[in-house]
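Novice: Need coordinates for the below:
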Amino acid sequence: MASGIPTVLTSDELMDKAFKRASKIDKTGTNALDHKKKTALAKVTASGDIIATTLNDYVNRFPRIEKGDDFFPELVDLTIGIDDYKRSLGAMLWAANRTEKLKNECLRNLRRTKDPVYIDSLRSGFYGRLASILKQISNELEFLKNAKNKFRKLPNIEPNVATAVVAGFPNVGKSRLVASLSSAEPEVAPYPFTTKGIIIGHIQDGWRKYQIIDTPGLLDRELDERNDIEKQAALALKYLTHVLVFILDPSGSCGYSMEKQLSLLTSVKKGFPGIPMIIAESKSDMFKSDSDKIKFSAETGENMEALKENIISNLKSIRFEEAE
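Specialist: The predicted structure is shown next:
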């Protein structure tokens, strides 16, 4: 996500960049006045263009995000803040347009004058205005600099790929399940609000590809036990989740009683209303209950293919609207 985002300079760094480029410019002229005017015109053009182009580049290359019913905007809102993010990008656009306007005004005045002293005054005045504009957006530049670092830490999840999210208490076998069902080594990606990275695997079914994700630290505690940010982060997953796979461990070797596990199941159902749910019992090589739920063992492979087919069958039914 952050690979296409440019490095964000501070206001001082951006001004230094513009001044350094302008200071190297020296144009030839037919006489002293012509030399001074042409050099001033070139310096004003170069410094203004550098700043305007750089600021417009920030606007164009940072991700475009709209608040709505979607996982990524929700995640960005939690980690960065969409309103502040949009405000900062808006400040870049304002500053770029203001720079362009001041540059054109200065160029017009330079072309009209024949006074060498006024030429210097116009150029230095323009530099001063540029510095003032950048000073006004210094906080927004710093915000975007920090935002780039936060974008870098967001997991690389494909929003238009049908996705199964795995839930259940720690040590019930969720990560092992994701690893067993994935066609390749699952990716462990950073994720805000979790003590460990989320685990992203892919299930290949012919030409189709599906995502299966375990989110340690989000869906392994009851909703009431999470702080407000964690609740929001967990609920943001509802926009990503097309099928929810909830794992129970009836053997009790995970360290949680079935009573607690079923209570968590109720909490997760409450947070993901209307989402298809597959409930399966793990560690069938150690213990099998008398329930009618699918029982599997990632250790021996028992019923792993049946569980995979069940998950794929549910994911196959997901259809995405064509982008207009």
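
Novice: Residue 186 and residue 179 touch, don't they?
Specialist: Yes: with contacts counted by Cβ atoms under 8 Å, residue 186 reaches residue 179, the gap being 5.5 Å. Quick note: C-beta positions are derived from backbone N, CA and C, even for glycine.

Novice: Please enumerate the shared neighbours of those two.
Specialist: 199, 201 (Cβ atoms under 8 Å, 6 or more residues apart in numbering).

Novice: more crowded one of those two?
Specialist: residue 186 (20 against 16; other Cβ atoms under 10 Å).

Novice: OK, contacts around the more buried one?
Specialist: Going by Cβ under 8 Å, 6+ apart, residue 186 touches 178-179, 199-201.

Novice: What sits closest to it if chain neighbours are left out?
Specialist: Nearest residue to residue 186, sequence neighbours excluded (Cβ to Cβ, 6 or more residues apart in numbering): residue 201, at 3.9 Å.

Novice: Quick check: phi and psi at residue 282.
Specialist: Dihedral pair for residue 282: phi -90, psi 180, per degrees, to the nearest 10.

Novice: who's in contact with the nearest residue to it once chain neighbours are set aside?
Specialist: Spatially, and ignoring its direct neighbours in sequence, residue 282 is nearest to residue 173 (3.8 Å; Cβ to Cβ, 6+ apart). Contacts for residue 173 were tallied using Cβ under 8 Å, 6+ apart; they are 247, 249, 254, 282-283, 298.

Novice: pLDDT and distance to residue 145 added to these, as CSV?
Specialist: Output for these, formatted as CSV (pLDDT from 0 to 100; distance: Cβ to Cβ, whole Å):
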residue, pLDDT, distance to residue 145
247, 94, 41
249, 94, 45
254, 89, 43
282, 93, 44
283, 93, 47
298, 86, 43
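
Novice: would a markdown table of those with secondary structure and neighbour count be doable?
Specialist: A markdown table is the format used below for the contacts of residue 173 (DSSP: H, G, I helix; E, B strand; the rest coil; neighbours: other Cβ atoms under 10 Å):
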| residue | secondary structure | neighbour count |
| --- | --- | --- |
| 247 | strand | 26 |
| 249 | coil | 23 |
| 254 | coil | 21 |
| 282 | coil | 27 |
| 283 | coil | 26 |
| 298 | coil | 22 |
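
Novice: of all those residues, which two lie farthest apart?
Specialist: Put simply, by Cβ to Cβ the two of these set farthest apart are 254 and 298, 13.2 Å from each other.

Novice: which outside residues touch the strand or helix carrying residue 119?
Specialist: In this assignment (DSSP states H and E), residue 119 forms part of helix 116-136. For helix 116-136, the surrounding residues in contact (Cβ under 8 Å, 6+ apart) are 11, 14-15, 18-19, 32-33, 36-37, 40, 43-44, 47-48, 51, 91, 95, 98-99, 102-103, 106, 109-110, 113, 141.

Novice: Name the residues that touch the following helix or strand past it?
Specialist: Next helix or strand after helix 116-136 toward the C-terminus (DSSP H and E): helix 138-153. Helix 138-153 is contacted from outside by 1-2, 5, 7-11, 14, 58, 62-63, 79-80, 84-85, 87-89, 91-92, 134, 190, 192, using Cβ under 8 Å, 6+ apart.

Novice: What residues sit buried inside helix 138-153?
Specialist: 140-141, 143-144, 147-148, 150-151 (16 or more other Cβ atoms under 10 Å).

Novice: Show the average pLDDT along it.
Specialist: Mean per-residue pLDDT for helix 138-153: 92.

Novice: From the contacts of residue 186, pick the one nearest residue 294.
Specialist: Nearest to residue 294 among those, with distances taken as Cβ to Cβ, is residue 178, at 16.5 Å.
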